[in-house]
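Visitor: pasted the sequence and its predicted model underneath.
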Amino acid sequence: MNNIIKKLLITTLAFTFVLSFSSFAGTSNNKLSKKEQAQQDMVTGPGVKLEIKEETNKEEVRQVEINKKDLKLKSLGIFKTTAYCQAETKTETLTASGVLPTLNHTVATDWKVIPKGSKIMISGSDIIYYVEDCGVKGKVVDLFLDSKYSCKQYGVQKREIFLIE
């Protein structure tokens, strides 16, 4: 099941990226500037680095849409979304649930609103996030990102949050 979800997410992200940034498709330079990476992050989710393929397999795309329909999503409403990162220290800090935070995986919530261990999706993104940290109050989802720059670029957004049942 996890492999199917991973393939679903990767294929969907690649498809979204190719449609949204078709001007990048002809370039051979795979390195993006910080500004270009920030623009890409707004579409694909923070820190996602994709290789662009010239052709998209239509069967794969169709399969993604079928698999997305298999997910049982429950809207929790509109939340304020923010971003946080590890402090620039030599030691990594564990989340409140005792694991290292992971890019495109870890979010912090008020566990009274969205409990620890919940799986959520944020509108505009196909990434499945796991509630592994706390420290915010109320209807706030705090995404773990890899740098202060990415956090600043993400800013504060209002997004619909979906619980994966």
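Guide: All right, it came through fine. Numbers count the residues shown, from 1 in each chain.
Visitor: now the helices: where do they sit in this structure?
Guide: With DSSP state H, the ranges of helices along the chain come out as 2-20, 34-44, 58-70, 148-154.
Visitor: would you single out the least confident of the ones you listed?
Guide: Comparing mean pLDDT across those, the lowest value falls on helix 58-70: a mean of 49.
Visitor: buried residues in stretch 128-144?
Guide: Of the residues in stretch 128-144, those with enough neighbours to count as buried (16 or more other C-beta atoms under 10 Å) are 128-134, 136, 139-144. Backbone N, C-alpha and C define where each C-beta goes, glycine included.
Visitor: domain boundaries for this structure, per the record?
Guide: With automatic domain parsing as the criterion, the domains of the chain are listed as 2-69, 72-164.
Visitor: if we can go back for a sec, reformat the buried residues of stretch 128-144 as CSV; add distance to A87 and pLDDT.
Guide: Formatted as CSV, the buried residues of stretch 128-144 follow (distance: C-beta to C-beta, whole Å; pLDDT from 0 to 100):
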residue, distance to A87, pLDDT
I128, 26, 94
Y129, 21, 96
Y130, 21, 96
V131, 21, 97
E132, 17, 96
D133, 14, 95
C134, 17, 94
V136, 17, 95
K139, 26, 97
V140, 20, 97
V141, 20, 97
D142, 15, 96
L143, 16, 96
F144, 12, 94
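Visitor: in strands, which of the residues you listed fall?
Guide: Counting by DSSP state E, the members of the buried residues of stretch 128-144 that fall within strands are 128-133, 140-144.
Visitor: from those, which is closest to L73?
Guide: I128 (10.4 Å; C-beta to C-beta).
Visitor: was I right to think L94 contacts L100?
Guide: Yes - assessed by C-beta atoms under 8 Å, L94 is found in contact with L100 at 6.2 Å.
Visitor: need the distance between the two termini of stretch 113-127.
Guide: One end of stretch 113-127 to the other measures 20 Å (C-alpha to C-alpha, to the nearest Å).
Visitor: and that stretch, what's buried?
Guide: For stretch 113-127, burial by neighbour count (16+ other C-beta under 10 Å) applies to 113-114, 118-122, 125-127.
Visitor: can you give me the pLDDT of the nearest residue to A87 once chain neighbours are set aside?
Guide: Excluding its sequence neighbours, the residue lying closest to A87 (C-beta to C-beta, 6 or more residues apart in numbering) is T93, at 7.2 Å. pLDDT recorded at T93 is 87.
Visitor: now do the contacts for T93.
Guide: If a contact means C-beta atoms under 8 Å, 6 or more residues apart in numbering, then T93 has 86-87, 101 as its contacts.
Visitor: good, we can wrap up now.
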